[in-house]
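Asks: Sequence below, structure please.
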Amino acid sequence: MKKSLVILVPLVIIAALLLGACGGAAPTEEAEPAAGGLEGKTLVVAHDVNFPPFEFLQDDKYAGFDLDLLEKVAQVANFKIDARPMDFNGIIPALQANQVDLAIAAMTIKPEREEVIDFSIPYFRTGLVLAVKPDNNEIVNPEDLIGKSIAVKIGTSGEAYIRALPYADQIDISTYEGNTETYLAVINGNADATINDDSTLRYYIASEGADKLKVVGKLLTGDDYGIAVPEGNPEVLSAINDALLTLAQNGTYDQIYEKWFGVKPDLRPGDY
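Replies: Residues are numbered from 1 along each chain as shown. As a prediction, the model looks like this:
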């Protein structure tokens, strides 16, 4: 009997050790899970080419608030970026045709756009304003544009706003491909005013347009920017939203905002 016990005890100990080894293997596997978020896949990302400080060409490389934010979103959401710069008015058609996986282009979230593409939660709030030459005291409000000329960037909220005015047919509206062209039209006397995003105009005036343009009047709209995704991509949209909230909570969003605008933001993703 004792002999049997002597043999049995080592067997029990060995079995326990084996079970312990097997039990230890599972946590080791869980400690190294598969990549989260979008699992490292490459997404084709459209962005505007000329909308400083959100996207613009700087020293032969695209830079700006949107692109800095995109880089951090990609890190958190775990995807690689295949950037495709394109004119703003081509971005929504590219999303509709599934030629790109997402777009970041200081794009205003609007009902008519939400009918054909999906948007992330808002990541930036601003609004449209008018700008004129510093010595122009005749134009302050949209009504003052009657009988005057205005330069607008084609396909933007600014163009849509002007064309929707009940007296738009009494305004000489000229369209341009980029923001800089609209500013120069006013500076060179080819237009009386321009309309654009408040933060974009103020960045231009502070960086290179000092004493060349001035912002007049109050905000004409309250606009929220969102990251755009083709319809029917809930996985991508969810990953983008989660990343934006993470960046807002961990202070990264504030760092990017301060870099481009010099102050802390009043609103962050998740506050809207």
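
Asks: got the domain boundaries for the chain?
Replies: What automatic domain parsing lists as the domains of the chain is 41-125+224-261, 128-216.

Asks: What ranges does the chain have for its strands?
Replies: 41-47, 56-58, 61-63, 79-85, 102-103, 117-119, 124-126, 128-132, 149-153, 172-176, 193-197, 214-216, 223-225, 228-230 (DSSP state E).

Asks: okay, those in a markdown table with mean neighbour count next?
Replies: To be clear about C-beta, it is placed using only N, CA and C from the backbone, and glycine gets the same treatment. Putting the strands of the chain into a markdown table (neighbours: other C-beta atoms under 10 Å) gives the following:
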| stretch | mean neighbour count |
| --- | --- |
| strand 41-47 | 19 |
| strand 56-58 | 15 |
| strand 61-63 | 13 |
| strand 79-85 | 16 |
| strand 102-103 | 26 |
| strand 117-119 | 21 |
| strand 124-126 | 20 |
| strand 128-132 | 24 |
| strand 149-153 | 24 |
| strand 172-176 | 16 |
| strand 193-197 | 26 |
| strand 214-216 | 16 |
| strand 223-225 | 21 |
| strand 228-230 | 23 |
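
Asks: Centroid-nearest residue for the protein?
Replies: A centroid search over the chain (C-alpha atoms, centre = their mean) returns Ile104, at 4.1 Å, as the residue closest to the centre.

Asks: And the pLDDT for that residue?
Replies: You'll see Ile104 listed with a pLDDT of 98.

Asks: List the contacts of it.
Replies: Contacts for Ile104 (C-beta atoms under 8 Å, 6 or more residues apart in numbering) come out as 45-47, 66-67, 69-70, 227-228.

Asks: try Asp82
Replies: 42-45 are the contacts of Asp82 under C-beta under 8 Å, 6+ apart.

Asks: Name whatever forms a beta bridge with it.
Replies: Val44 (DSSP bridges).

Asks: hang on, the earlier thing: closest to Val236 among the contacts of Ile104?
Replies: For the contacts of Ile104, the minimum distance to Val236 (C-beta to C-beta) is 9.5 Å, reached by Ile227.

Asks: picking that back up, for the domains of the chain, could you give me TSV that also reports distance to Asp271?
Replies: Shown next, in TSV, are those (distance: least, C-beta to C-beta, whole Å):
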stretch	distance to Asp271
domain 41-125+224-261	8
domain 128-216	17
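
Asks: And the ones you listed: which comes nearest Tyr272?
Replies: domain 41-125+224-261 (4.5 Å).

Asks: now stretch 50-64: mean pLDDT?
Replies: When pLDDT is averaged over stretch 50-64, the result is 93.

Asks: same deal with stretch 166-182?
Replies: 97.

Asks: With distance to Lys212 as added columns, please give the contacts of Asp82 in CSV.
Replies: Formatted as CSV, the contacts of Asp82 follow (distance: C-beta to C-beta, whole Å):
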residue, distance to Lys212
Thr42, 42
Leu43, 38
Val44, 37
Val45, 33
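
Asks: Which two of the residues you listed have the greatest separation?
Replies: The widest separation within the contacts of Asp82, taken as C-beta to C-beta, falls between Thr42 and Val45 and amounts to 9.6 Å.

Asks: The residue nearest to the centre of the chain and Leu245: what is the separation?
Replies: From Ile104 across to Leu245, the span is 16 Å (C-beta to C-beta, to the nearest Å).

Asks: Many thanks, I have nothing further to ask.
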